[in-house]
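J.: quick one, what's the 3D model for this:
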Amino acid sequence: DRQKLLEIKKSLDPAADSVSMEYHVALDQQGNPVASCRRNRLVKRINNYSWYGAVHEYLFLGSNAQICYSDAAVSHIRVHSNKQRNLNIYEKLIAKGERLLPRDMFHYGDELLENGYYEKAIEQYLLCLDEKWPVLDDNIAVCGKMAYCYRQLGNLEKELQYLFKSLEYDIPQAEYCCRIGNHFFVKERWNAAIVWFSLALQMEKPKDSWGLIYLQFYTWLPHMQLAICYGKLGMLQQSYYHNEIVLSYLPDDPDILNNKQILEQIMQSSSATDKS
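T.: Okay, the predicted model is just below:
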């Protein structure tokens, strides 16, 4: 988005303290963003803003900052990964007796999760919830991380418990609706799964969200799961309808194209049988 950046420089209101931009942290094979959030990307130097945090540092602007929301995006294309690096930084701080700030507690939990220490990650995330963060999105994210850890540990009931706990903090988000739906999906409780995937489709993507948003939950994924659920129930017209919507997002996906072909064959055969 270089051209958009140039346009921002030309038209920026001098009163703005910061320009926030979309931060694309993952892209699909076609280069389309699949996960994004917002970050402060241009800030007024005269304000002397400071960086905070041991890892994943952030600029603290304060509640009175005038922020300009831009549709320009920065894409982060990671070309290397050292999973132990950030974990080691946190553990050295803890060994020195330093108390982690809530935000660092959260990211320390993420590093434990990333390295497969799920029980320890859960302990860290529980500390985050005890801190009673002022930002509800953070508590929701913690619930999602804990649910993921429990799933990796094979405890699906605890996974479901923390997915539901996310609803204590705000209206349902599409991601959590889909994850709850998936809980019933793997148990082949198709009608219950349909309720949650359908609810996901009613949720609008948060505007100007500073939390990480996985875009597939607001686009094609609920439709794909609904296509399968309706197919399992023999409701072929509904299954075909949702499969076609998935194709509008993923026109070259071989599995979705195969589903389309199978559904058309079954419906044609059924139609011919009815006429006879």
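
J.: what are the boundaries of the helices in the stretch 101-250 of the chain?
T.: 102-114, 118-130, 136-152, 156-165, 174-186, 190-202, 221-232, 236-249 (DSSP state H, counting those that start in this stretch).

J.: pull out the buried residues from the shortest one.
T.: Just to be clear, that refers to helix 156-165. 158-160, 162-163, 165 (16 or more other C-beta atoms under 10 Å). For the C-beta atoms, the positions are set from N, CA and C on the backbone; glycine is no exception.

J.: and if you look at the first one?
T.: Applying a neighbour-count criterion of 16+ other C-beta under 10 Å, one finds 102-113 buried in helix 102-114.

J.: output the below-cut-off pLDDT ranges for the stretch 151-276 of the chain.
T.: 208, 271-276 (pLDDT under 70).

J.: recalculate using a threshold of 90.
T.: 169-171, 205-214, 268-276 (pLDDT under 90).

J.: out of the buried residues of helix 156-165, which is nearest to residue 56?
T.: For the buried residues of helix 156-165, the closest approach to residue 56 (C-beta to C-beta) belongs to residue 162, at 22.5 Å.

J.: ok, back up a step: now distance to residue 90 too, for the helices of the stretch 101-250 of the chain, in JSON lines please.
T.: Shown next, in JSON lines, are the helices of the stretch 101-250 of the chain (distance: least, C-beta to C-beta, whole Å):
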{"stretch": "helix 102-114", "distance to residue 90": "4"}
{"stretch": "helix 118-130", "distance to residue 90": "9"}
{"stretch": "helix 136-152", "distance to residue 90": "15"}
{"stretch": "helix 156-165", "distance to residue 90": "23"}
{"stretch": "helix 174-186", "distance to residue 90": "26"}
{"stretch": "helix 190-202", "distance to residue 90": "34"}
{"stretch": "helix 221-232", "distance to residue 90": "32"}
{"stretch": "helix 236-249", "distance to residue 90": "38"}
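
J.: closest to residue 75 out of these?
T.: Using C-beta to C-beta, the nearest of these to residue 75 is helix 236-249, at 19.4 Å.
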